[in-house]
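Novice: using only what follows, build the 3D model:
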Amino acid sequence: MAEFTGERVIPGQVDADLLNEHVARYAFAARMARGRRVLDAGCGSGYGAAELAREAREVLAIDISREAIDHARERYSSQRIRFQQASCLEIPGPDAGFDLVAAFELIEHLSDWRAFLREVRRVLSSDGQFLVSTPNRLYYAEARAQLGPNPFHVHEFEYAEFQGELESVFPRVALYLENHADAIVFSPARAAAGVESRIEQGSGNAEEAHFFLAVCSVAGETAVPGFVYVPRVANMLREREHHIGLLEGWLEKAKAELQDLMGQFRRQAAALDESNQWAGSLNEQLEQTGARVAALQDELAGEQMQARARIDELERHEAQLAKQLADACLELSQAVDYLHAAEHTVEERTAWAQRAQAEADALCQRVHLYQASRWVKMGGKLGLGPKLESIP
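Specialist: Numbering: from 1, shown residues only. Below is the predicted model of the structure:
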C-alpha cells in the first residue's frame, strides 16, 4: 500500500473532509465523461480514475510516480481503466485522442505548466473539455500561515493569473469556485425514501475561494451547471475523530522515528567529537612532523651544497683525467706510427737478408761445383791454382 506523505490523497489514510473535496471534483467531471474517451492526468492513487470509469467509455490514468501507479493498479483495476506511468508533459496519446481531460491539483506541482497546457490541447479533441483545478494562492497562504509554504508546490495561482494562463491556450474558458461548505443532512434510517436538498443561492468571492476549477475547450461547451457533492451520509464528527486517531498514530510513529534520529544524531555527535579529538592529536603530530621536515630540509640543503662542491671537484678531476687520457692517446698514436714504421723497416731488412741468403746459397753452389771440377782437383794435386777451403 502506498504511504501517505501529506500531499497525495489515499482513501483510508486522509481526513474525510480532505478526501471529499478531492472526490467531489471527479464527481463534477463524471457528469461529462459519459461514453467518452477520458484522460486522468496526475491520477495519484487512482480513486478518481475509478470514479470517472463509472461513466466513461475508457480511461487512461497517468502519473509520474511508479509507486502511485502500482497502488492504483492493485486497488482500482478495471477493464475500462488503463494505468500507465508517464509524464504529463509527454502524454502517451495521439493528437485529439481524448474527449475529456481531468487534471486536478496537478498544475501547481509543475515548473513548466505552460508546456503542460499545450500538451493537453494537443491531445484534446476540438469539442472536448479540459477540467483543471488548483488551490487559490491567497486563501492557501492564509490557511498555511503557521505551517509555511507547501514544499510540494512549485507555483500557486491567483484567480486572474489562472484565468489568463488558461485563456492563452484555450479559446473557451469558464471558471468555477470550489468551497467546502458544511451541510446538515436528514437521512432516512432505512433507504426507503429519497433525500431532498435546499441550497441557499449566492455569488462566490474569487479571492476567498478555496480552489479554482476551470472548464476549458477549443470549440466545445464550457458552461456546465453548478454542482453540489454530498458525500455518503455519515456522522462527520465520528469520521473526524477516527481521522484524528489515525493522525495521532502517525504522530506517535513520527515521534518514535524522531527519537531514533535524535539517538543517531547523538551517537554521530559523540563520534564526531571523538574524531575532532583525534584530529587535534593528528594536528599536533603534524606540527611536530612539519618541524622535523623543516630540519631535514635544512640538513638536505647543506648536504646538497656539499655534494655540489664534491661534484665540482670530481668534474675538475675528470677534466684533468680527460686531458691526460687525450695526451696518452696522442702518444699511443705516435707509438703506433713508430711501430708501423719499424715493422716496415723489419720487413725491408728481412727481404734484403732473404735475398742475400739466396745469393750466398747460389755462390756456395757454384763453389761446390768448382771444387768438384776435375780440373781443379788436378790443379790441386799439381800445386797449381789457389787452395780452396771446404765450404759447408
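Novice: could I get the full set of helices for this structure?
Specialist: Ranges of helices in the chain, per DSSP state H, are 16-30, 47-53, 66-76, 113-123, 137-143, 159-167, 236-371, 374-381.
Novice: from those helices, which stretch is densest packed?
Specialist: helix 47-53 (a mean of 24; mean count of other C-beta atoms under 10 Å). (C-beta placed from N, C-alpha, C; glycine too.)
Novice: and the contacts of that helix?
Specialist: 9, 11, 22-23, 25-27, 29-30, 33, 38, 40, 43, 59, 61, 72, 75-76, 78, 80-81, 83, 100, 102, 104 (C-beta atoms under 8 Å, 6 or more residues apart in numbering).
Novice: measure residue 196 to residue 252 for me?
Specialist: Residue 196 sits 44 Å away from residue 252, going by C-beta to C-beta, to the nearest Å.
Novice: I'd say residue 37 and residue 96 touch.
Specialist: No. Contact between residue 37 and residue 96 fails when scored by C-beta atoms under 8 Å: they sit 9.9 Å apart.
Novice: show me where pLDDT drops low in the stretch 201-350 of the chain?
Specialist: Within the stretch 201-350 of the chain, the set of residues satisfying pLDDT under 70 comprises 201-203, 232-247, 250.
Novice: just checking, what's the longest strand in this structure?
Specialist: Using DSSP state E, we find that the single longest strand of the chain is strand 124-135.
Novice: before we move on, back to that, residue 186: which of the helices of the chain is closest?
Specialist: helix 236-371 (14.0 Å; C-beta to C-beta).
Novice: can you pull the contacts of the residue nearest to residue 77 when sequence neighbours are not counted?
Specialist: Spatial nearest neighbour of residue 77, chain neighbours left out: residue 83 (7.9 Å); criterion: C-beta to C-beta, 6 or more residues apart in numbering. Listed by C-beta under 8 Å, 6+ apart, the contact set of residue 83 reads 43, 46, 49, 61, 62, 63, 69, 72, 73, 76, 77.
Novice: how far away is residue 83 from residue 70?
Specialist: From residue 83 to residue 70 the distance is 9 Å (C-beta to C-beta).
Novice: again, but for residue 363
Specialist: Residue 363 is 135 Å from residue 70, by C-beta to C-beta.
Novice: likewise residue 379?
Specialist: 154 Å.
Novice: stretch 110-129: how far from the chain's middle?
Specialist: Relative to its chain's centre, stretch 110-129 lies at 31 Å (C-alpha atoms, centre = their mean, to the nearest Å).
Novice: per-residue confidence at residue 16?
Specialist: For residue 16, the pLDDT comes out at 64.
Novice: could you shift the numbering so residue one becomes 42, and keep it that way?
Specialist: All right, first residue 42 from here; so that's residue 57.
Novice: next, the contact list for the closest residue to residue 160 other than its chain neighbours, please.
Specialist: Computed as C-beta to C-beta, 6+ apart, the closest residue to residue 160 that is not its neighbour in sequence is residue 132, at 5.4 Å. Taking C-beta under 8 Å, 6+ apart as the criterion, residue 132 is in contact with 80, 82, 103, 160, 161, 163, 164.
Novice: so the fifth one sits right up against residue 82, yeah?
Specialist: Put plainly, it is residue 161. Yes. With contact defined as C-beta under 8 Å, residue 161 reaches residue 82; the gap is 7.2 Å.
Novice: overlap in contacts, the two.
Specialist: With C-beta under 8 Å, 6+ apart, residue 161 and residue 82 have common neighbours 132, 142, 144.
Novice: including pLDDT, could these go into TSV?
Specialist: Listed next are these as TSV, based on pLDDT from 0 to 100:
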residue	pLDDT
132	96
142	98
144	97
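Novice: and the residues you listed as JSON lines, adding distance to residue 424?
Specialist: Below are the shared contacts of residue 161 and residue 82 laid out as JSON lines (distance: C-beta to C-beta, whole Å):
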{"residue": "132", "distance to residue 424": "161"}
{"residue": "142", "distance to residue 424": "169"}
{"residue": "144", "distance to residue 424": "168"}
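Novice: out of those residues, which comes closest to residue 353?
Specialist: Closest to residue 353, out of all of these and judged by C-beta to C-beta, is residue 132, at 84.3 Å.
Novice: can you report phi and psi for the closest one?
Specialist: Torsion angles at residue 132 (phi, psi; degrees, to the nearest 10) stand at phi -70, psi 130.
Novice: separation between it and residue 366?
Specialist: As judged by C-beta to C-beta, residue 132 and residue 366 stand 93 Å apart.
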